[in-house]
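Enquirer: Structure for the following, please:
(2 chains)
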Amino acid sequence: SQQGEEDPQALSIQEGENATMNCSYKTSINNLQWYRQNSGRGLVHLILIRSNEREKHSGRLRVTLDTSKKSSSLLITASRAADTASYFCATDQRTDKLIFGTGTRLQVFP
Amino acid sequence: ETGVTQTPRHLVMGMTNKKSLKCEQHLGHNAMYWYKQSAKKPLELMFVYNFKEQTENNSVPSRFSPECPNSSHLFLHLHTLQPEDSALYLCASSQESLASEQYFGPGTRLTVT
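Expert: Sure, this is the predicted structure:
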């Protein structure tokens, strides 16, 4: 069954605006990861947040994790056209496998 | 791009053909994975190899046959595929536990006619 679900499925914004994507999951986790995928290419790891962390930053990325609500958000600040991609969350659900969501397709217009 | 290479990048094959996908990682990682990505579906884990040993076979049909001759190379042998097997096949590797950060190759776009 689908464990990581991103919301919204698609998001269109103008350059300079912030983009927020959400991920919900169903079971307990050790960590949650966010990945980015340009059209038809491989996934690129963005950030990993552990279950005992609440917030993490990396450049223009800010990830939050609320284990009580089983949800995470990815914020991209001051977006650029080059940020156009699909973004996926992945959870381990305290197993040795990563379970990926269906992703949010972000379109940033110049 | 990320130290994980895949060949070929595109493949068109008939249902009676036999072909192989190749993945190579230059990162010194111990675990390698095959994933299938179909349109509008989540990434599906197919196989996991840890220290060259297969540790996961996620109910994948036998027409897909993996091979891991060493910790740097991973193959996916294909035979008598179906049109619904058309997808992007992604290889990934990771250093430590299987749920740690994964590095992906660019993928092979497979079309079965």
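Enquirer: rest of the way, CA atoms for contacts and neighbours
Expert: Will do.
Enquirer: what does chain B put close to chain A?
Expert: B:2, B:40-44, B:88, B:90, B:97-99, B:101-107, B:109 (Cα under 8 Å from any Cα of the partner chain).
Enquirer: Hmm, A:H57 and A:L65 touching each other?
Expert: No: at 11.8 Å, A:L65 does not count as touching A:H57 under the criterion of Cα atoms under 8 Å.
Enquirer: which non-adjacent residue is nearest the spatially most central residue of chain B?
Expert: Centroid check for chain B by Cα atoms, centre = their mean gives B:W34 as the closest residue, at 3.0 Å. Distances taken as Cα to Cα, 6 or more residues apart in numbering or on different chains put B:C91 closest to B:W34, at 4.7 Å, once the chain neighbours are dropped.
Enquirer: on contacts alone, who are the packing partners of the host helix or strand of that neighbour?
Expert: Under the criterion of DSSP states H and E, B:C91 resides in strand B:87-94. In terms of contacts (3 or more Cα pairs under 8 Å, 6 or more residues apart in numbering or on different chains; DSSP states H and E), strand B:87-94 is packed against strand B:4-7, strand B:31-37, strand B:103-104, strand B:108-112.
Enquirer: re the thing from before, mind listing what the residue nearest to B:W34 touches?
Expert: B:4, B:6, B:23, B:32-35, B:104-107 (Cα atoms under 8 Å, 6 or more residues apart in numbering or on different chains).
Enquirer: Recalculate using a threshold of 6 Å.
Expert: B:33-34, B:104-105 (Cα atoms under 6 Å, 6 or more residues apart in numbering or on different chains).
Enquirer: Over to B:Y49?
Expert: Per Cα under 6 Å, 6+ apart, neighbours of B:Y49: B:31-32, B:55.
Enquirer: Report the lowest-confidence entry in those.
Expert: For the contacts of B:Y49, the least confident position by pLDDT is B:T55, scoring 77.
Enquirer: So that one versus B:S93, what's the distance?
Expert: Applying Cα to Cα, to the nearest Å, the value for B:T55 to B:S93 is 14 Å.
Enquirer: which of the two has more neighbours?
Expert: It is B:S93, of B:T55 and B:S93, that has more neighbours when counted by other Cα atoms under 10 Å in any protein chain shown, with 32 against 12.
Enquirer: follow-up on the earlier one: more neighbours: A:L65 and A:H57, which one.
Expert: Taking other Cα under 10 Å, A:L65 and A:H57 do not tie; A:L65 has more neighbours (24 against 13).
Enquirer: I'd say that one and A:L74 touch.
Expert: No: contact criterion Cα atoms under 6 Å: A:L65 and A:L74 do not qualify, at 9.3 Å.
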